[in-house]
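Peer 1: The following comprises the amino acid sequence and a computationally predicted model.
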Amino acid sequence: MNLAELQTKLIAAARTNVPGDQVPYAFEKRVTALLADRVAPDNLALWVSGLWRAAVSCVAVTLLFGAWAVLNPTTVSTTSDLSQNFESTLLASVDQTDQAQ
Amino acid sequence: MERTETELIAAVLKGDAASFEPLVQKYSPRVFATARRYARRESEVEDIAQEVWLKAFSKLASFRGDAPIEHWLMRMTVRTCYDFLRGHQRNRESSFSELSEPETDWLERFVADPGSAAEDADAAKLLVARVLEKLSPPARLVITLLEIEDRPVKEIAELTGWSVALVKVRAFRARGEMRKILAKMAKDKYL
């Protein structure tokens, strides 16, 4: 058997066998539906929605604390001044050293 | 008014997936025709075509627009078909003992008188499909592109991503591989 000739014949046979280009019905619709789930997220939109959520949470917390402050007014002690307390705490170690001497 | 391809691509890149549909509709016939060269079953052909379009969508940003999108798509199609061939090599090991009757008749006619065996006979087409299935993926790809589709080596290099020298080397090896398969077929059948 002449293999070279057989090869040439078979290649010629393959050339005559042109594949069809028909596309299944609604193939493009199927592809588009698949792609709709895969659309890349818009980074700017993600940021904006995140910032909006954060802003709403902040406003809610502010309102909550504001309402709490209005409804529960604390009595301001005249004897305990914050600056005095802070200073005595800060200088507590110095005072202890002085007393020891 | 119908939008141009450039406008459609720009819309897709901005996130409008629906603008991809006209492109799929326009170029799917070519993608399917190419896929049918490498896959026999229609379900496999459809899987290849679908994968090509999903890849095309996800890599659309890499399309530079300096050549027609068809060329870019065909490169993607050929490479997807090559991946398919590499993943489906199970048919390569079967023997030629189970040739159908028309295939055997055609071969016998060829042995008796090579001129009398017509190339456009269905049996010859079945036989060559069987032989092509037995080739290794690179050999099948290069035989299809170079010998069957009659494309120039440079174009094959662009489609496959191989160098021109590699295409030539693989074409040489592919012809040898095909001849070996034919020799095995002759041995299985006539010895």
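Peer 2: Sure thing, it's come through. Numbers count the residues shown, from 1 in each chain, chains lettered A, B, ... in the order given.
Peer 1: Now the phi/psi pair for B:Ser163, please.
Peer 2: B:Ser163 adopts backbone torsions of phi -80, psi 160, taken as degrees, to the nearest 10.
Peer 1: Whether the lengthiest helix in chain A contacts chain B - can you check?
Peer 2: What stands out as the longest helix in chain A, according to DSSP state H, is helix A:43-71. No - shown here: helix A:43-71 not in contact with chain B (C-beta under 8 Å from any C-beta of the partner chain), separated by at least 9.2 Å. In short, each C-beta sits where N, CA and C put it, glycine included.
Peer 1: neighbours around B:Ala34, how many?
Peer 2: For the record, residue B:34 is Thr, not Ala. Using other C-beta atoms under 10 Å in any protein chain shown, B:Thr34 has 25 neighbouring residues.
Peer 1: element containing it?
Peer 2: Secondary structure assignment for B:Thr34, by DSSP states H and E: helix B:21-38.
Peer 1: Let's see that helix as CSV, backbone CA atoms only.
Peer 2: The C-alpha atoms that make up helix B:21-38 are tabulated as CSV, following Å, rounded to 0.1, in the frame of the first residue of the first chain:
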residue,chain,number,x,y,z
GLU,B,21,-24.8,39.9,22.2
PRO,B,22,-24.6,41.3,18.6
LEU,B,23,-20.9,40.3,18.6
VAL,B,24,-21.8,36.8,19.6
GLN,B,25,-24.5,36.6,17.0
LYS,B,26,-22.2,37.9,14.2
TYR,B,27,-19.1,35.8,14.8
SER,B,28,-20.6,32.5,16.3
PRO,B,29,-20.9,30.9,12.8
ARG,B,30,-17.1,31.1,12.4
VAL,B,31,-16.4,29.9,15.9
PHE,B,32,-18.8,26.9,15.5
ALA,B,33,-17.3,26.0,12.1
THR,B,34,-13.8,26.0,13.5
ALA,B,35,-14.8,24.0,16.6
ARG,B,36,-16.5,21.4,14.4
ARG,B,37,-13.0,20.7,12.8
TYR,B,38,-11.8,19.4,16.2
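Peer 1: Okay, buried residues for that helix please.
Peer 2: By neighbour count on 16 or more other C-beta atoms under 10 Å in any protein chain shown, the buried set for helix B:21-38 is B:21, B:23-24, B:27-28, B:30-38.
Peer 1: cool, and stretch B:150-169?
Peer 2: Within stretch B:150-169, the residues that count as buried by 16+ other C-beta under 10 Å are B:Arg151, B:Val153, B:Ile156, B:Ala157, B:Glu158, B:Leu159, B:Thr160, B:Trp162, B:Val167, B:Lys168.
Peer 1: Run through the residues that contact the third one.
Peer 2: Taking C-beta atoms under 8 Å, 6 or more residues apart in numbering or on different chains, we find B:Ile156 in contact with B:Val142, B:Leu145, B:Leu146, B:Trp162, B:Val167.
Peer 1: mind giving me JSON lines with those and columns for pLDDT and distance to chain A?
Peer 2: Shown next, in JSON lines, are the contacts of B:Ile156 (pLDDT from 0 to 100; distance: C-beta to the nearest C-beta, whole Å):
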{"residue": "B:Val142", "pLDDT": "97", "distance to chain A": "12"}
{"residue": "B:Leu145", "pLDDT": "97", "distance to chain A": "12"}
{"residue": "B:Leu146", "pLDDT": "96", "distance to chain A": "10"}
{"residue": "B:Trp162", "pLDDT": "96", "distance to chain A": "21"}
{"residue": "B:Val167", "pLDDT": "97", "distance to chain A": "17"}
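Peer 1: Identify the farthest-apart pair in those residues.
Peer 2: B:Leu146 and B:Trp162 (11.7 Å; C-beta to C-beta).
Peer 1: quick one, helices of chain B?
Peer 2: Under DSSP H, chain B gives helices at B:5-13, B:21-38, B:42-58, B:69-87, B:101-112, B:122-134, B:137-142, B:153-160, B:164-190.
Peer 1: Domain-wise, how is chain B divided?
Peer 2: In terms of domains, chain B is parsed into B:1-88, B:93-191 (source: automatic domain parsing).
Peer 1: Dump those domains into TSV; add distance to A:Leu3 as well.
Peer 2: Shown next, in TSV, are the domains of chain B (distance: least, C-beta to C-beta, whole Å):
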stretch	distance to A:Leu3
domain B:1-88	23
domain B:93-191	5
